[in-house]
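> Provide a 3D model corresponding to the input given below.
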Amino acid sequence: MTTTMTAGDESQPSPAPASSTSASALRFPAASSGETDDAARRAVQKAAEHLLGLQRPDGHWRGFLEIDASANAHELLMRQFLGIRDERFTAAAGRWIRSQQRADGTWAAVHDGDGDLAITIESYVGLRLAGHGADEPHMLRSAEWIRAHGGIGAARVTTRIWLSLFGWWSWDKLFAVPPETILLPRWMPLNIYSYLYWARMTTVPYLAVLAHRPVAPAPFRLDELLTAEAPTRERSGKSPKPPTSPTGWEGALQGLDRVLRGYRRIRPAPLRRAAVNACIRWVVERQEADGSWGGVRVTTIWSLIALRTVGYRLDHPILKAGLDFLARTGHWHEDDVWMAEICQSPVWDTALSMIALADAGLPADHPALLDGADWLLAKQSSRLGDWAVQRPGLAPGGWSFQYENELYPDLDDTAEVVLALRRVRHPDRARVDEAVRRATHWTLGMQCRNGGWGAFDADGTSAFLDRLALTDITDISDPPTADITAHVVEMLAALELQADRRTRRGVRWLMDQQEEHGGWFGRWGINHVYGTGCAVPALTAAGVAADHPVVSGAVDWLTTVQNADGGWGEDWRSYADPQYVGRGPSTPSQTAWALLALLAAGERDSETVHAGVRWLLETQRDDGTWHEPGATGAAMRSHYALRYELYPLVFPLTALGRYVHHHGDEAASATSRP
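Have a look, this model is predicted:
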């Protein structure tokens, strides 16, 4: 699944000239403790050299952000619906889909993962659109596997919505959420502001589409994917069960389903028109300057489908801008293969790269760090976004993940950007201080009532949404998570706000989230190794001592799950199956996360750390990078995994840099302040 950057992507400027990429300016401690330390210095030098060479001329970094093959299928389905699918593009997109098919005919969410029914159905349809016949051997294997696993009727709702656009599935068999949902007040459970931002930005156009229930001409039938019974899965990926009690969740949801279906038959036409108009107005108001919606491919695709459904012409400026964004952010490879990128991550990648280089020993006033800081400073949000619904009156000041996404800054990016800026000796100190002040004010204002921080909104803790599972996908709300809270706490500690009551509340919340085995759940990275790699550095930075039971418990757990080769890994399946928690083949990024926790806990001279460092040294390639074909990032657990191209470079460099510079040694003598 490894990808390469290609010249036809207008959003990716060429890397900086070689003359500006030298890592000779790295500073190392005068003393060395032996052979491993010397080898680690050389590894840091090579990795930093490579990372510096990836910096763009305007100062930022960005690696490719890869998701499964269904993203290509979505692009083909959208183009088919809009009537703009051409032969060359279709063939090129199909080549990528075919290259990701496994021997058993399936497609998976992650490299070497299990076949996924929804992804397999969508990818199969993508290949049919690309001209692959249903009678070809690889298609027969796929169809047989799909039928054996329940066929279209057993797929999640999002897949069946795609198929309903072409009559391959009946709109009548979908959960009947009406567009009037857009009119619900904030205090009601199903109001759109209780959704995670990109779930919200997909749901609102969905509502407009579901109101019209369009059916575009289908170029073929999909009878081969239907089973005799064609069961439906309206919620939670399971067939509906009789309610165990009149007040239970299942009973309430089935009752709501009956009410909504009945409402659809008798809906007042004026109210329906007002609701659809409100949905479309909401969508139009949220288009970004680059033509996208929230900087995300799938939200942009569904916004375009919704606008076309209600009558917008293809040459309308809004549709043209959206289509231009999709064309601009796709990747053409030399062998005429096209690949969709679900999203772009320049702010995140730039902040992590700057932190890695600073930890490697690059001087704080190095031009690479100054250029990165200038680029980040220009990306700070100055607009009110949807987050202001929960926090009216709070001034903006966060950073988002993408090139253009002013309306949806997130706490994770904001924390990492501030941590990066604090590592730079910028000549315009007042400008940096003002940006950090605004970011800190916004971050503190976004703290949830329970003391933690979520990703995009405050107090996004609707359990009802995940139980309802409109899209059969959990994690469509935005509650506080350990990994984001940890990054915020680490940021506040770097700003010397350890004693602030809001920081202390965050520390207490984070400590309470530690699981019985000693690790923390990782929402945005796979999984407990990531969560623990975030939590321990934050806690020790905030003053929790290395001998505190919370920290020592994490050290014990990481030691027990270390692989025999010295590295760490955690399988994607850990989100669904506890036997995989902390278990999996060693990977560079996950090994680095474990080392970051152990180093922060003062374990630098332990055999556990030395073994992990040796694994990174032994697996580093000649060009200073590490090979990591699988995904270690997560978008929605158990459904969408992300492979960040820069993860297996920036995190090992950060870990080795902190090892070389003895970062975390002070934790051993810190005073506990739980």
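
> chain center to stretch 409-419, what's the gap?
14 Å (C-alpha atoms, centre = their mean, to the nearest Å).

> same thing with stretch 362-382?
Offset of stretch 362-382 from its chain centre (C-alpha atoms, centre = their mean): 23 Å.

> now do stretch 515-535
16 Å.

> can I get the CA coordinates of that stretch in PDB?
Coordinates of each C-alpha in stretch 515-535 appear next as PDB, following Å, rounded to 0.1, in the frame of the first residue of the first chain:
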ATOM      1  CA  GLU A 515      -7.400   1.100  31.700                       C
ATOM      2  CA  GLU A 516      -6.900  -1.800  34.000                       C
ATOM      3  CA  HIS A 517      -3.900  -3.100  32.100                       C
ATOM      4  CA  GLY A 518      -2.100   0.200  32.400                       C
ATOM      5  CA  GLY A 519      -2.500   1.700  29.000                       C
ATOM      6  CA  TRP A 520      -4.800   4.300  27.500                       C
ATOM      7  CA  PHE A 521      -7.300   3.900  24.600                       C
ATOM      8  CA  GLY A 522      -6.100   5.600  21.400                       C
ATOM      9  CA  ARG A 523      -9.000   7.200  19.400                       C
ATOM     10  CA  TRP A 524      -6.900   8.700  16.600                       C
ATOM     11  CA  GLY A 525      -4.000   6.300  16.400                       C
ATOM     12  CA  ILE A 526      -3.900   2.500  16.700                       C
ATOM     13  CA  ASN A 527      -4.500   2.100  19.600                       C
ATOM     14  CA  HIS A 528      -3.500   1.600  23.200                       C
ATOM     15  CA  VAL A 529       0.200   2.000  22.300                       C
ATOM     16  CA  TYR A 530      -0.700   5.300  20.700                       C
ATOM     17  CA  GLY A 531      -2.900   6.400  23.600                       C
ATOM     18  CA  THR A 532      -0.200   5.500  26.100                       C
ATOM     19  CA  GLY A 533       2.500   7.200  24.000                       C
ATOM     20  CA  CYS A 534       0.400  10.400  24.300                       C
ATOM     21  CA  ALA A 535      -0.700  10.100  27.900                       C
END
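
> Dump the host helix or strand of Leu599 to PDB, restricted to CA.
Element membership of Leu599 [criterion: DSSP states H and E] is helix 588-600. Provided in PDB are the C-alpha atoms of helix 588-600 (Å, rounded to 0.1, in the frame of the first residue of the first chain):
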ATOM      1  CA  PRO A 588       8.300   2.100  13.400                       C
ATOM      2  CA  SER A 589       5.600   4.500  14.500                       C
ATOM      3  CA  GLN A 590       4.200   2.300  17.200                       C
ATOM      4  CA  THR A 591       7.600   1.500  18.500                       C
ATOM      5  CA  ALA A 592       8.400   5.200  18.600                       C
ATOM      6  CA  TRP A 593       5.100   5.900  20.600                       C
ATOM      7  CA  ALA A 594       6.100   3.300  23.200                       C
ATOM      8  CA  LEU A 595       9.600   4.800  23.500                       C
ATOM      9  CA  LEU A 596       8.200   8.300  23.900                       C
ATOM     10  CA  ALA A 597       6.200   7.100  26.900                       C
ATOM     11  CA  LEU A 598       9.100   5.200  28.400                       C
ATOM     12  CA  LEU A 599      11.500   8.000  27.900                       C
ATOM     13  CA  ALA A 600       9.100  10.500  29.500                       C
END
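
> Quick one: the helices in the stretch 351-500 of the chain, in order.
With helices called from DSSP state H, counting those that start in this stretch, the stretch 351-500 of the chain shows them at 367-377, 411-421, 429-445, 463-468, 482-494.

> now the stretch 201-350 of the chain
Remark: helices assigned in the stretch 201-350 of the chain by DSSP H, counting those that start in this stretch are 249-266, 269-285, 297-309, 317-328, 346-360.

> Any idea which of those gets closest to Val432?
For Val432, the closest of those is helix 346-360, at 12.6 Å, according to C-beta to C-beta. Every C-beta, even on glycine, is put in place using the N, C-alpha and C of the backbone.
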